[in-house]
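Participant: below: sequence and its predicted model.
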Amino acid sequence: PFERVMRQYQYLPIAALLASAGVRAFHLPLTKAPAKAPAFHLSASDSVDSEESGISRRDVVTSGAVAAAGVSASGLLSALPAEAASSGKWTQVQIPFEDTLYDLDFDTKDHGYMVGARGTFAETNDGGLTWQARSFTNLDAEEEVSYRFQQVSFCKGEGWVLGKPPLLLHTTDEGKTWERIPLSPKLPGEPASITALGPSKAEMTTSSGAVYYTENAGRNWKAQVKETIDATLNRISSSGVSGASYFSGSIVNQVRDNSGAYLAISSRGNFFLTWSPGQDFWIPHNRGTPRRIQNMGFIEGNLKKGAWMTLNGGKLLISPPGTDLDKDVETNFVESNIKTGGYGITDVAWRNDKEIWAVGGSNTIYSSFDGGKSFTFDKSATKIPGNLYNVKFFDEYQTGWALGSNGVLLRFTG
């Protein structure tokens, strides 16, 4: 049951953030939240008092699904190596929210923002040691809590926030004020990701595989791919990619590498696709396994170095050195030695070429120091209720973070 819930989470597409192109943009001044949401400080002894629910209310799955899928830390530990211990490298940061956290990004070493469900939006000015809740004066409390902010991206003082229901925000002054950016209803698919690239520049993707670029702060968007993924796959239905013929679904989990290349998974999890700048179309790839793909990403954030893949049943596979995902060739992923007890792995991140961290259900954490050949279970967060969904490292700031349900935020202390 847990796997089914995790798949619902992994493949739930971001809803359409489409507004009339003729709507006039307006400024949303950023203000401090009421005093009831004070800053919370980093403390190794702090704990979460909320009940374990797997996935927070009104987040990714319904409360009924959560009840059916509840996974206890004690139940998980019984299926994992008895010798597992805490590395002491991850410390919980107390924050003024108890809802699912989706993403965070930093503009400088000290300044950053975090987003999540039910209007979760917080700012830090001390490198993430403390976080202050923020709100928009143009949204009343009841309206703001209905938004699910799912992605935040900053570059050189400019930032973007992508949310659901329809909401795309842009700031040019480090988040002091925000402007709502209207999007054309003719956009193919639903907006899925946004990446800040510098002054007035950003890149956006949709669930249909469209990739758009703007250099005037979202007033105009230029298509980078000639056709949608379903058009490409149906045109080359003899490609031999399992599940690609007569494809009419969407793609999910689009991730971008440091050079602008993308990797995405079909909504059914039966194949994956890649695209690099300059290519006219996405390239489909067989998954090479009967198990359904849960999530994928790049090795060290670089398509040229290969990709990792998680499958249902708690499997983790990594492409071997020399893999060329820019070509339509079979990729022979190699399974890592990782004992998960069958529970799903939701995200994986490289800290360097040898050190890798993976996270999953019931706040499980795994580490590898041999380039992904083998992983060791880490107890750092198993006593904290919830599930971890996102792990990311910021090389330029030498920091790392893991985010999850129930307002769980972990800081890598190395």
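Facilitator: Thanks, I have it.
Participant: buried sites along the helix or strand hosting Y102?
Facilitator: Using DSSP states H and E, Y102 sits within strand 101-106. Judged by neighbour count using 16 or more other CB atoms under 10 Å, the buried positions of strand 101-106 are 101-106. All C-beta spots, glycine's among them, are computed from the backbone N, C-alpha and C.
Participant: equivalent analysis for stretch 388-405, please.
Facilitator: Per 16+ other CB under 10 Å, stretch 388-405 contains these buried residues: 388-394, 399-405.
Participant: partner strands of the one helix or strand E203 maps to and their direction?
Facilitator: E203 belongs to strand 201-206 when elements are defined using DSSP H and E. Sheet pairing of strand 201-206 (DSSP bridges) gives strand 191-198 (antiparallel), strand 211-214 (antiparallel).
Participant: and that strand, how far out from the chain middle?
Facilitator: Remark: strand 201-206 is offset 15 Å from the chain centroid, using CA atoms, centre = their mean, to the nearest Å.
Participant: what sits against the residue nearest to N363 when sequence neighbours are not counted?
Facilitator: Leaving aside its sequence neighbours, N363 sits nearest to A381 (CB to CB, 6 or more residues apart in numbering; 3.9 Å). If you count contacts by CB atoms under 8 Å, 6 or more residues apart in numbering, A381 has them with 90, 92, 363-365, 388, 402, 408, 410.
Participant: same thing but 6 Å
Facilitator: 363, 365, 410 (CB atoms under 6 Å, 6 or more residues apart in numbering).
Participant: just the buried residues of those residues.
Facilitator: Counted by 16+ other CB under 10 Å, the contacts of A381 give 363, 365, 410 as buried.
Participant: quick check: the residue nearest to the second one when sequence neighbours are not counted vs S405, distance?
Facilitator: Setting aside the residues directly before and after it, I365 is nearest to D378 in space (CB to CB, 6+ apart), at 4.2 Å. D378 sits 18 Å away from S405, going by CB to CB, to the nearest Å.
Participant: okay, the nearest residue to S336 once chain neighbours are set aside and S250: tell me how far apart.
Facilitator: The shortest distance from S336 to any non-neighbouring residue, by CB to CB, 6+ apart, is to L316 (4.6 Å). Distance, L316 to S250, by CB to CB: 25 Å.
Participant: and what of K304?
Facilitator: Separation of K304 from S250 (CB to CB): 27 Å.
Participant: higher neighbour count, those two?
Facilitator: Using other CB atoms under 10 Å, the more surrounded residue of K304 and S250 is S250, with 21 against 17.
Participant: pretty sure that one is in contact with S267, am I right?
Facilitator: Yes. In this structure, S250 is within contact of S267 by CB atoms under 6 Å, at 4.9 Å.
Participant: now find how far off-centre stretch 120-135 is within its chain.
Facilitator: Put simply, stretch 120-135 sits 19 Å off its chain's centre (CA atoms, centre = their mean).
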